[in-house]
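A.B. asks: Show me the folded form of this:
(chains A, B, C and D)
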2 protein chains.
Amino acid sequence: MNRLVDMQEMLSQATTLEELQTFVEQLRSTYDLEHLVYHSVNSTGDQYAALTYDPKWAERYVEKDYARIDPVVQGCYRLFHPIDWKSLDWSTKTARSFMGEATQAGLGNQGFSVPIRGPSGQFALFSINHRCSDDTWATYTNERAADLLLISHYMNEKALQIEGNANRPAARALSPRERDTLTLLATGANRASIAESLNISESTLRVYIESARLKLGASNTTHAVALALSHGMIVV
Amino acid sequence: MNRLVDMQEMLSQATTLEELQTFVEQLRSTYDLEHLVYHSVNSTGDQYAALTYDPKWAERYVEKDYARIDPVVQGCYRLFHPIDWKSLDWSTKTARSFMGEATQAGLGNQGFSVPIRGPSGQFALFSINHRCSDDTWATYTNERAADLLLISHYMNEKALQIEGNANRPAARALSPRERDTLTLLATGANRASIAESLNISESTLRVYIESARLKLGASNTTHAVALALSHGMIVV
DNA sequence: CGTTGCCTCGCTATTTTTGGGGAGGACCAA
DNA sequence: TTGGTCCTCCCCAAAAATAGCGAGGCAACG
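C.D. replies: Got it, this is the predicted structure:
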């Protein structure tokens, strides 16, 4: 019975990006789908995709930078929940012509996407695609949405983990005082008021800002706060 | 058979926060769990929780601001995937004493949490809690993780929708130039270099910074960048 | 017992940002 | 046409941040 467990098992053994490609193909046949895409963009703009689309379509998509007009991508960037493609806005001319081209490339009429947000501004999209009637599709998604949502998250985790192995030298951890300082700076307080609320002199405060800045490799305070925020080192 | 469909049905009919409370209680019995919590914090710091814990414990938790030391909350703030409580760091003294108190309050030894990030820096935590052996718990979570992950997202969507009805005047949208400006500021560039890279005068640049600051209600540039970042208005 | 990291404070001078002000042109929608 | 929102530029004076420096105390680690 348990497709989900099988898939998790398979995923847990993957150690390379190639294996993730194999995984999505396996996923497609196991869940009996027309197509399936995992697409990740990290904060530095690096992209990675594992998909079952016709390679020519994928190539054209990248070449034409279709992500800019694809209603699925555009919609998911500003949405935060799994969504059926039908509920997106396909009314514009560009969207319609894009859909026409996609259909030509073998995409089915039905789709469902899961936006996933990870650390440091990473964003991934997990989409399934099929050709069938609305009713059949409703049954499909009801049956599989839970599984696929879970898989999409674990797949993203795995992809990040694999990519993370070829990683950049992580910023050093911040000391408690440094975190306090950056947190308060992020709230818009100035040095004088922060020093007061932390009960230290402004001189001391400056040392924290400076050391945090150096640790994070930031070029100024605003940069340091932005880095700490997007790395989850502080929370506002 | 289908608990999940029943729960989705029940959730879709909820229109008030009270009904969400009823929903988590129903969820607890349907999924046979010790406890269950949905806790949301939006960008303005407003909090909402629906939970099955002893009200006294919830009250004490809020009063003592335990979210600051709760390893589950702290862990999930910096993690982006569903996580078993066992894999968190319980080694510090404060964490251990916190856990002791939680156990006193009736919490089970096992837990599983799903961090959920929504629009404008909204953050929610969906946790399940139970008292059982590790093996039993592994079986539990395997069986239910997919359902609960799906439910957690739909519940968050619902909670946002309900709260959204009683909404605040959101920060005004930023113009493209304002976004450019804040984005570059977040990378640590100073005004001179940003003006150069945007091919405008530093005077013009200052107008953007200032108007963005006013729109966001920020007290200074760093604050504006932090707000724009945590509201997802810019991405670094 | 030395090193390392953290917390604390002080100093100087320079550079940058901030908070106001005004002003013209483009564009779009009511 | 008028009003709104952008985009662009300029001025000034005051406030704040920055880049360095040095230096003592404390706790933990080896």
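
A.B. asks: domains in chain A, as residue ranges please.
C.D. replies: Per the record, chain A has its domains at A:3-165, A:176-230, by automatic domain parsing.

A.B. asks: What is the end-to-end distance of the shortest one?
C.D. replies: Looking back up the chat, that one is domain A:176-230. In domain A:176-230, first residue to last residue: 18 Å (C-alpha to C-alpha, to the nearest Å).

A.B. asks: Bridged to the residue lying closest to A:Glu163 once chain neighbours are set aside, which residues?
C.D. replies: Distances taken as C-beta to C-beta, 6 or more residues apart in numbering or on different chains place A:Tyr48 nearest to A:Glu163, at 6.8 Å, with adjacent residues excluded. C-beta coordinates here come from the backbone N, C-alpha and C atoms, glycine included. Taking DSSP bridges as the rule, A:Tyr48 bridges to A:Ser40.

A.B. asks: Check what pLDDT the spatially most central residue of chain A gets.
C.D. replies: For chain A, the residue nearest the mean C-alpha position is A:Phe123 (2.0 Å; C-alpha atoms, centre = their mean). Listed pLDDT for A:Phe123 reads 83.

A.B. asks: how much space between it and A:Ala159?
C.D. replies: Separation of A:Phe123 from A:Ala159 (C-beta to C-beta, to the nearest Å) stands at 12 Å.

A.B. asks: Work out the gap between the longest helix along chain A and the centre of the chain.
C.D. replies: Secondary structure assigned by DSSP state H gives helix A:134-165 as the longest helix of chain A. Centroid separation for helix A:134-165 versus its chain: 13 Å, with C-alpha atoms, centre = their mean, to the nearest Å.

A.B. asks: what do you get for stretch A:72-81?
C.D. replies: On C-alpha atoms, centre = their mean, the centre of stretch A:72-81 falls 11 Å from the chain's centre.

A.B. asks: got the contact list for that stretch?
C.D. replies: Residues outside stretch A:72-81 that contact it (C-beta atoms under 8 Å, 6 or more residues apart in numbering or on different chains): A:67-68, A:83, A:85, A:88-89, A:111, A:113, A:115, A:117, A:123, A:125, A:127, B:116-119, B:153-154, B:156-157.

A.B. asks: could you dump it to PDB, C-alpha only?
C.D. replies: What follows is stretch A:72-81 as a C-alpha-only set of coordinates in PDB (Å, rounded to 0.1, in the frame of the first residue of the first chain):
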ATOM      1  CA  VAL A  72       2.300  29.500 -11.700                       C
ATOM      2  CA  VAL A  73       5.700  31.000 -10.700                       C
ATOM      3  CA  GLN A  74       4.400  34.500 -10.400                       C
ATOM      4  CA  GLY A  75       1.400  33.300  -8.300                       C
ATOM      5  CA  CYS A  76       3.400  31.200  -6.000                       C
ATOM      6  CA  TYR A  77       5.900  33.900  -5.300                       C
ATOM      7  CA  ARG A  78       3.200  35.900  -3.600                       C
ATOM      8  CA  LEU A  79       1.200  33.000  -2.300                       C
ATOM      9  CA  PHE A  80       2.100  30.800   0.600                       C
ATOM     10  CA  HIS A  81      -0.100  27.800   0.300                       C
END
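
A.B. asks: Filter the contacts of stretch A:72-81 down to the buried ones and express that as a PyMOL selection.
C.D. replies: Applying 16 or more other C-beta atoms under 10 Å in any protein chain shown to those, the buried members can be selected in PyMOL as follows:
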select buried, (chain A and resi 67+83+85+88+111+113+115+117+123+125+127) or (chain B and resi 116+117+118+119+153+154+156+157)
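
A.B. asks: Of the contacts of stretch A:72-81, which belong to helices?
C.D. replies: Reading helices off these with DSSP H, I get B:His153, B:Tyr154, B:Asn156, B:Glu157.

A.B. asks: Now for those residues: which two are most distant?
C.D. replies: Spatial extent of these (C-beta to C-beta) is set by the pair B:Tyr154 and B:Asn156 at 7.3 Å.

A.B. asks: Please report phi then psi for A:His35.
C.D. replies: Dihedral pair for A:His35: phi -150, psi 160, per degrees, to the nearest 10.

A.B. asks: Would you confirm that A:Trp57 contacts A:Phe98?
C.D. replies: No: when contacts are counted by C-beta atoms under 8 Å, A:Trp57 is not listed as touching A:Phe98 (11.5 Å).

A.B. asks: Could you list the contact residues of chain A toward DNA strand C?
C.D. replies: A:173, A:175-178, A:198-201, A:203-204, A:206-208, A:211 (C-beta under 7 Å from any atom of the strand).

A.B. asks: and those residues, which are buried?
C.D. replies: Applying 16+ other C-beta under 10 Å to the residues of chain A next to DNA strand C flags A:Arg177, A:Glu178, A:Leu198, A:Ile200, A:Tyr208, A:Ser211 as buried.

A.B. asks: Greatest separation within these: which pair is it?
C.D. replies: Of all pairs in those, the most separated under C-beta to C-beta is A:Leu198 and A:Ser211 at 14.6 Å.

A.B. asks: coming back round to it: of all the ones in helices among the contacts of stretch A:72-81, which comes closest to DNA strand D?
C.D. replies: Checking those against DNA strand D by C-beta to the nearest atom of the strand gives B:Glu157 as the nearest, at 28.0 Å.

A.B. asks: roughly how far apart are the residue in chain A sticking out farthest from the centre and chain B?
C.D. replies: Distance from the centre of chain A peaks at A:Ser201, with 41.3 Å (C-alpha atoms, centre = their mean). Distance, A:Ser201 to chain B, using C-beta to the nearest C-beta, to the nearest Å: 21 Å.

A.B. asks: who touches that residue in this structure?
C.D. replies: Neighbours of A:Ser201 in contact, by C-beta under 8 Å, 6+ apart: A:Ala195.
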